[in-house]
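> mind folding the following:
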Amino acid sequence: MTQARFVHIVDDVPELEGLSDGPVMVIALDGFLDAGSASALASGHLLENSSSRVVASFEVDEFYDYRARRPPMTFFEDHYTDYDAPRLVVRLLHDLNNTPFLLLTGPEPDMRWEGFADSVRKVIEHFEVRLSVTLGSVPMAVPHTRPVQLTNHATAKRLLISENVWAGEIRIPSSAQSLLEVRLGEWGHDGCGFVAHIPHYLAQYGYPEAASAMLTQVGAVTGLIVLF
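Here you go, the predicted structure:
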């Protein structure tokens, strides 16, 4: 296993060695960009429909603020019985055609965003990832009676597969995922993503329609068969 400052990477992953142009990595972090739990539902669906194993793990203690997001644990009668430790990992999965791909999941880092981005870069370069695809969702003034709208973004225009419904420039709160895409572009790695627009009145509830829409676009941009 290769060890960098914040990440441990499995050296031998034979499933990825026969790929002609490198695997795809899907990135779906819990936290800021997950209105309607859309990315969590999407990543959960991918995990439920494939065997998986961890091929890289991050030093979560370096990124997680335990006092801001206290992990749950169980107290039974007179003692503590278990603790749900946060995990930030990359797993190897297979799509419905048995094509291998990577999935990065876990809590969005609360700190050391640059260190996190550099650690993801090490994973990408170690496994020769050809494209990283981020999933996210935000509350918007949109109705649930219309098809889910997505904002498509990328490090290069050639990676865009859909036209956004609006054009212009806005200032928005940043996230670890958005900074990661910026840095990947600066480092010469291809990255793109999809942000689902969630009706603001449903942002606190699971919205599977958005997860389905994002996975459809993941399939379109990567060639993976990942139907919801």
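> Leu92 in helix, strand or coil?
strand (DSSP: H, G, I helix; E, B strand; the rest coil).
> same question but for Arg69, I mixed them up
Following three-state DSSP, we place Arg69 in the coil state.
> list the contacts of the residue nearest to it when sequence neighbours are not counted.
Leaving aside its sequence neighbours, Arg69 sits nearest to Pro107 (C-beta to C-beta, 6 or more residues apart in numbering; 6.7 Å). Heads up, the C-betas are built off the backbone N, CA and C, glycines and all. Contacts for Pro107 (C-beta atoms under 8 Å, 6 or more residues apart in numbering) come out as Leu29, Asp30, Gly31, Val60, Phe63, Tyr64, Arg69, Pro86, Leu88.
> if we go to 10 Å?
When contacts are counted by C-beta atoms under 10 Å, 6 or more residues apart in numbering, Pro107 touches 29-31, 60, 63-65, 69, 71, 86-88, 176.
> again, but for Thr151
Counting by C-beta under 10 Å, 6+ apart, Thr151 makes contact with 136-138, 140, 162, 164-166, 193-197.
> picking that back up, any idea what the residue nearest to Arg69 is bridged to?
Bridge pairing for Pro107 (DSSP bridges) gives the partners Asp30.
> measure Leu92 to Tyr66 for me?
28 Å (C-beta to C-beta, to the nearest Å).
> same deal with Ala210?
Counting by C-beta to C-beta, the gap from Ala210 to Tyr66 is 29 Å.
> got it, and Arg146?
From Arg146 to Tyr66 the distance is 40 Å (C-beta to C-beta).
> and stretch 83-100, what's buried?
For stretch 83-100, the neighbour count (16 or more other C-beta atoms under 10 Å) marks Leu88, Val89, Val90, Arg91, Leu92, Leu93, His94, Asp95, Thr99, Pro100 as buried.
> could those residues go into a markdown table alongside distance to Pro23 and pLDDT?
A markdown table is the format used below for those (distance: C-beta to C-beta, whole Å; pLDDT from 0 to 100):
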| residue | distance to Pro23 | pLDDT |
| --- | --- | --- |
| Leu88 | 19 | 98 |
| Val89 | 16 | 98 |
| Val90 | 11 | 98 |
| Arg91 | 12 | 98 |
| Leu92 | 8 | 98 |
| Leu93 | 10 | 97 |
| His94 | 11 | 97 |
| Asp95 | 11 | 96 |
| Thr99 | 8 | 94 |
| Pro100 | 6 | 96 |
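> so which of those residues comes closest to Glu114?
Leu88 (15.5 Å; C-beta to C-beta).
> ok, and what's touching stretch 162-173?
32-33, 138, 142, 149-153, 178, 194-195, 197, 217, 220-221.
> and the residues you listed, which of them are buried?
Buried members of those, scored by 16+ other C-beta under 10 Å, are 33, 138, 142, 149-153, 178, 194-195, 197, 217, 221.
> Asn98 and Ile225: what is the separation?
Here Asn98 is placed at a distance of 9 Å from Ile225 (C-beta to C-beta).
> ditto for Val195
Separation of Val195 from Ile225 (C-beta to C-beta) stands at 23 Å.
> and for Leu179?
30 Å.
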